[in-house]
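Peer 1: What follows is a predicted protein model with its sequence.
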Amino acid sequence: MSVHTLVTVSACPLFMIMELINCVGTIFIIAYKENTDLLVGALKKEGFSNIEVIRPHYSEEEMSYARTSRCLLNHRNAWKKCAATSDLSIVMEADFVPVVGFAILPLSFDLSKKEQAW
């Protein structure tokens, strides 16, 4: 399980405290059939409001692909959504367990030094 961020400089004003809650536009949760209610609830409790669960809709051909290849397709869909927005996005898998205070964790990079960060 992992969390990745993609951001453009305009995503978060530099005068604000660089906490995730102040900068994240959308959290994308990658899921197949997992129940994401607890994760969505925990993120909402932390103050995040724009949360999207991404579930795959495989074509008949894609269903013939290996399971790992289909997983990759679902990850690709999440990253396409990130690339389509100028806001900071967090991508996480359905089994991600946020710590209490996740929203106030600091960004791990300086927005003034990079146009995009991972």
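Peer 2: In hand now; what should we look at? Numbers count the residues shown, from 1 in each chain.

Peer 1: Okay, residue 41 and residue 83: tell me how far apart.
Peer 2: For residue 41, the distance to residue 83 equals 28 Å [CB to CB, to the nearest Å]. C-beta: built from backbone N, CA, C; applies to glycine.

Peer 1: Would you check how far apart residue 79 and residue 54 are?
Peer 2: 10 Å.

Peer 1: same question but for residue 69, I mixed them up
Peer 2: Distance of residue 69 to residue 54, computed by CB to CB: 17 Å.

Peer 1: So what would you say the end-to-end distance of stretch 76-95 is?
Peer 2: End-to-end distance of stretch 76-95 (CA to CA, to the nearest Å): 18 Å.

Peer 1: got the buried residues for that stretch?
Peer 2: Going by neighbour count (16 or more other CB atoms under 10 Å), the buried part of stretch 76-95 is 78, 81, 82, 85, 87, 88, 89, 90, 91, 92, 93, 94.

Peer 1: So the fourth one sits against residue 27, correct?
Peer 2: No. Distance between residue 85 and residue 27: 11.8 Å, which falls outside the contact criterion (CB atoms under 8 Å).

Peer 1: excluding its backbone neighbours, what's nearest residue 25?
Peer 2: Once flanking residues are discounted, residue 25 sits nearest to residue 87: 2.4 Å by CB to CB, 6 or more residues apart in numbering.

Peer 1: okay, the one you found: pLDDT?
Peer 2: Residue 87 is assigned 83 on the pLDDT scale.

Peer 1: Next: residue 82.
Peer 2: Looking at residue 82, the pLDDT reads 89.

Peer 1: Which of the three states applies to it?
Peer 2: Three-state call for residue 82 (DSSP: H, G, I helix; E, B strand; the rest coil): helix.

Peer 1: How about the one 10 residues further on?
Peer 2: Following three-state DSSP, residue 92 is assigned to strand.
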